[in-house]
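A.B. asks: okay, predicted coordinates and the sequence, questions at the end:
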Amino acid sequence: MKLTGKIFWGKQSRWQLIVATGGFWIGLFITLLSIQFYLDIRKITKRSEDEKNYIIVNKTVNMANMFDKTISMFTEAQLDSLQGQPFVKDMGLFRTNTFNIYADVSEQMGLAFDLYMESVPTRFLDTIPASFEWDSTDNFVPVLVASDFLRIYNFSLAMSQKHMPQLSPLTIQLIPIKIKISGNGSSRMLTAKVVGFTDRIPSVLVPEDFLLWANEKYGNGPAPQPTRVILQIDDPANERIKEYLTAKNYDTNADDLRLGGMANTLQIVSAISGSIGGMFVFLSFAIFLMNFQLIISRAKVEIGVLLDLGYRPTELANTLNKQFMRILLGCAASVIVILAALVAVLHSLLNSYGFETGGTVSWIIPMAAIALVILLQAFIYLGIKAGIKR
Amino acid sequence: MQIQLEHLIPEPLIEIAPKTSGVWLRQVVLEPSQWTQLVAPSGRGKSTLLNIIYGNRTDYQGQVWIDGKSTRSFSADDWAQLRRERLSVVFQDLRLFADLSGWDNLLLKQQLTETVTKEQITEMATQLGVLRLLDKTCGTMSYGERQRVAIIRSLLQPFEYLLLDEPFSHLDEANRQIAANLIQQACQQRKAGLLIAGLGADKYFTYHQSLQLDETNG
C-alpha cells in the first residue's frame, strides 16, 4: 500500500500536514506540561497541608525563666495531660544533649563553635534520608538541619562575613564536621555530616538512639525533662487547640505558613497556565482536524479513483488511519522525551529552592498523551469513514 | 458474466431520452463472452450507462442485473471484489493519477491481483510505444499517451467483462490497431465479454451485437 501513501501525501497535502502536525505537537506539549506543573504543585501544597498537622509546643518564656530554667520543662503530669487531649493524635518528646559538644570546621570555613543536638522520634520527621542512622561501632553521626538555619547562614551570616562562602544544600552535605563530645570525665572525637534538611523542626537533629547513648555515657547528670514536644494534631483549624494552649500558657510555632503562601501563588499560576494550555489544545486540535478534513476532501477524487480500481473502502480507511496514527504517536513520543528533559531541569531548579518534587515526569503524562492520541484518532477515523463513503 | 439492463433510464434523461432508444427503458442482455458495440453521438448518455453498470452512479430508474443479482444490493466491498476480479473499464476521462508516474499508475492496479507480471506490462507498453514515457508523471503526458496507459491498466487484472468508453479517441491509426489487438487477445484469453462505446461503427472488432442509444440518429 506504499503507492496509496504517495497519492495522499502529495505536494499539496504536505504543507497542510506539516501545519496540522506542528499545531498538534505544540498543543500536546503545553497540555502535558500544564498537567505536570499541576501535579508538582499539588504535591508541594499537599506537603504544606500535611505540615500544618504538626505543631511544636513549648512553654512561654518570661522573666522567671532567667533564674530557673527548669520552669520551661514539662512535668510528667503536664505531658500526660497534653497527650490525653482529644485533638492530639501523637506526641513526641524533644531530647537534648546533656554533654558538651564542640564542633570544628576551621579547615573548611574557619569556624569552630559550641553546638547542641536534639532528637525526636523518627516518625515525626518530614525527611528521613537513608543515611540518617547511627551505628555504635562507627565514629560517624548523621545530622538533619532545619532549612531555615541554612537560609540564615547563607543570606545573613555569609553575606556579612567576607571569609564565609555561601553554601548550597549539596555542598554543605560534603563537609565533614569534626565534633568533640565530652563530659562525665571522658571525651570522644566524632565526625558529623549534614545528611538532609527539615522544614518541620527548627533544630539540629541527630538519631534518637545516638543521643540516648551519648547522654548515658558522657552526660553531666540525669537527662532533664523535655522543654519542647512535637504534636500530630487532627485538624489545625480546631479551636480547642488554641484554647488549651492559651489556658496552659503554652507557645507554638503553628503560624508558619511560608510554604502555604508560596503554594497558593503557584496554584494560581498553574491554573492559568492550565487553562491557557487547554485552549491551546482545543485550538491545535481544531487546526489539526480542519487541515485533516481538507486533506481528506482533497483526496476525495483520488479515493474515488482507487475505489474504481477495486480498492476496498475499509482497506483505504485503514491505510489512512495507520498513517495518521503514526504521525500522532511520533508527536506524542517526541513530546514526552523533550518534556522529560525539561521537567528534569525544572525540578532541579525547584529542588534548589527547597521544594521537593521528585525528579521525573509523572506516569500520568504518558497516559494523558495516549488518551489524547486515542481521542484525536477516533475523530480522524470518523472523518476518514465519512470521506470514503460515497 | 451476464449483464442485464431492465427498463433502465438515467434520471437526468427521463424527460429528454428518445422513445426509440435501443437501450433506455428496454430489456437489454449482454451475454457472457459476447462482444457488443454501443453507438451514439456525444451527450446521449454513453458514459452514464458505463458508470451505472460499473456502480458509480445510482441516479437511475429500472434495474441492472449482474448474473441475476440487482447491482443496487451490492455493498462497497462487493463492488471492490467485482472491480478487482470480474469487471474492468477504461473511462472516457481515463482516471489516472496525474501526480504519479505511468509505472506507479499501472502498479496500483497490478499489485491488487498480480495476474500480469511486470515483464508482460513492459511488453504491452513497448507494443503501444509508451515504455519510455512510463517514468514521467501522467500529468505531463499527452492525452493519447495517457489513453494508452489507461488501456494497459485495464488489462492488468482478471475480468469477465471489459467496458471501454471511446478508448481510441486520441490514438493514431497504427496505435488503434495495436491497442485493438491487445484488447482482443486479452478478452479471448479470459473468454470475456466486451462492451465498447463509440461515436460510430468501428472496424477493429467483430461484434455479436450493436446497440443504438439514440435510434433517431441511426
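C.D. replies: Perfect, I can see it now.
A.B. asks: pLDDT averaged over the lengthiest helix in chain B - what is it?
C.D. replies: Ordering each helix of chain B by length in residues (DSSP state H) puts helix B:173-190 first. In this model, helix B:173-190 carries a mean pLDDT of 95.
A.B. asks: mind listing the strands the worst-scoring helix or strand of chain B on mean pLDDT pairs with, and their directions?
C.D. replies: Within chain B, confidence by mean pLDDT, DSSP states H and E is lowest for strand B:209-212 among all helices and strands, at a mean of 91. Using DSSP bridges, strand B:209-212 pairs in its sheet with strand B:35-39 (parallel).
A.B. asks: picking that back up, residues in contact with the longest helix of chain B: which ones?
C.D. replies: Applying Cβ atoms under 8 Å, 6 or more residues apart in numbering or on different chains, the contact partners of helix B:173-190 are B:35, B:124, B:127-129, B:144, B:148, B:151-152, B:155, B:158-160, B:162, B:164, B:167-168, B:171, B:192-194, B:204-205. Any C-beta I mention is one placed from the backbone N, CA and C, and that applies to glycine too.
A.B. asks: could you tell me the angle between that helix and strand B:35-39?
C.D. replies: For helix B:173-190 against strand B:35-39, the angle by axes from the mean of the first three to the mean of the last three Cα atoms, to 10 degrees is 140 degrees.
A.B. asks: and chain A, which of its residues are near chain B?
C.D. replies: A:3-4, A:6-7, A:10-11, A:302, A:305-315, A:389 (Cβ under 8 Å from any Cβ of the partner chain).
A.B. asks: so which of the residues you listed belong to helices?
C.D. replies: Within the residues of chain A next to chain B, residues falling in helices by DSSP H are A:3-4, A:6-7, A:11, A:302, A:305-309, A:313-315.
A.B. asks: the longest strand seen in chain A packs against which elements?
C.D. replies: For chain A, the strand that runs over the most residues, judged by DSSP state E, is strand A:186-198. Packing contacts for strand A:186-198, counted by 3 or more Cβ pairs under 8 Å, 6 or more residues apart in numbering or on different chains; DSSP states H and E, involve strand A:140-146, helix A:147-152, strand A:177-183, helix A:208-218.
A.B. asks: got the CA positions of it in CSV?
C.D. replies: Backbone C-alpha positions of strand A:186-198 (Å, rounded to 0.1, in the frame of the first residue of the first chain) are rendered in CSV as follows:
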residue,chain,number,x,y,z
SER,A,186,35.8,11.4,79.3
SER,A,187,35.6,12.6,75.7
ARG,A,188,35.5,11.3,72.2
MET,A,189,36.1,12.6,68.7
LEU,A,190,33.4,12.1,66.1
THR,A,191,32.8,13.1,62.5
ALA,A,192,29.4,14.5,61.7
LYS,A,193,27.8,15.3,58.4
VAL,A,194,24.7,17.1,57.3
VAL,A,195,22.6,14.4,55.5
GLY,A,196,19.4,16.4,54.9
PHE,A,197,17.2,19.3,55.7
THR,A,198,13.9,19.6,57.5
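A.B. asks: ok, and what's touching that strand?
C.D. replies: A:103, A:125-129, A:131-132, A:139-147, A:150, A:169, A:172-173, A:175-182, A:205-206, A:217-218, A:354.
A.B. asks: of these, grab the buried ones for ChimeraX.
C.D. replies: Those of those that count as buried under 16 or more other Cβ atoms under 10 Å in any protein chain shown are selected in ChimeraX with:
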select /A:103,125,126,132,141,142,143,144,145,146,147,150,169,172,173,177,178,179,181,205,206,218,354
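A.B. asks: drop anything exposed from the residues of chain A next to chain B.
C.D. replies: A:4, A:7, A:10, A:302, A:305-313, A:315.
A.B. asks: rank those by pLDDT and give me only the lowest.
C.D. replies: Lowest confidence among those: A:G10, with 68.
A.B. asks: which helices and strands sit right next to the one helix or strand A:A286 maps to?
C.D. replies: Under DSSP states H and E, the secondary-structure element containing A:A286 is helix A:258-298. In terms of contacts (3+ Cβ pairs under 8 Å, 6+ apart), helix A:258-298 is packed against helix A:11-51, helix A:364-388.
A.B. asks: those helices: lowest mean pLDDT?
C.D. replies: Looking at the helices and strands packed on helix A:258-298, the bottom one is helix A:11-51 with a mean of 78.
A.B. asks: if we can go back for a sec, can you point out the buried residues in the least confident helix or strand of chain B?
C.D. replies: B:L211, B:Q212.
A.B. asks: what's that strand in contact with?
C.D. replies: Outside strand B:209-212, the residues touching it (Cβ under 8 Å, 6+ apart) are B:21-23, B:28, B:34-40, B:201, B:218.
A.B. asks: nearest to chain A, of those residues?
C.D. replies: For the contacts of strand B:209-212, the residue nearest chain A by Cβ to the nearest Cβ is B:L38; the value is 19.5 Å.
A.B. asks: any idea how far the closest residue to chain B within the stretch 251-390 of chain A is from A:P224?
C.D. replies: Closest residue of the stretch 251-390 of chain A to chain B, Cβ to the nearest Cβ: A:G310 (3.6 Å). Separation of A:G310 from A:P224 (Cβ to Cβ, to the nearest Å) stands at 96 Å.
A.B. asks: the helix or strand hosting A:S81 - what's its average pLDDT?
C.D. replies: Assigning secondary structure by DSSP H and E places A:S81 in helix A:76-83. Averaged across helix A:76-83, pLDDT comes to 89.
A.B. asks: residues of chain B that sit close to chain A?
C.D. replies: Applying Cβ under 8 Å from any Cβ, we find that chain B lies next to chain A at B:54, B:56, B:76-77, B:79-85, B:89, B:91, B:95-97, B:99-100, B:104, B:107-109, B:111-112, B:157.
A.B. asks: select only the buried ones of the contacts of strand B:209-212 in PyMOL?
C.D. replies: The command below creates a PyMOL selection of those among the contacts of strand B:209-212 that count as buried (16+ other Cβ under 10 Å):
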select buried, chain B and resi 21+22+23+28+34+35+36+37+38+39+40
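A.B. asks: burial count for A:A340?
C.D. replies: As a burial measure, A:A340 scores 15 neighbours (other Cβ atoms under 10 Å in any protein chain shown).
A.B. asks: residues contacting the closest residue to it other than its chain neighbours?
C.D. replies: Leaving aside its sequence neighbours, A:A340 sits nearest to A:V361 (Cβ to Cβ, 6 or more residues apart in numbering or on different chains; 4.8 Å). With contact set as Cβ under 8 Å, 6+ apart, A:V361 has these partners: A:Q36, A:I336, A:L339, A:A340, A:V343.
A.B. asks: make a ChimeraX selection of whichever of those residues turn out to be buried.
C.D. replies: In ChimeraX, this line selects whichever of these come out buried by 16+ other Cβ under 10 Å:
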select /A:36,336,339,343
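A.B. asks: give me the low-pLDDT residue ranges for the stretch 201-350 of chain A?
C.D. replies: The stretch 201-350 of chain A contains residues with pLDDT under 70 at A:254-264, A:266-267, A:270.
A.B. asks: how about chain B?
C.D. replies: B:215-218.
A.B. asks: ranges for the strands of it?
C.D. replies: B:3-10, B:27-30, B:35-39, B:60-66, B:69-70, B:87-90, B:161-165, B:193-198, B:209-212.
A.B. asks: out of those, nearest to A:Q78?
C.D. replies: For the strands of chain B, the distance to A:Q78 is smallest for strand B:69-70, at 99.3 Å, taking Cβ to Cβ.
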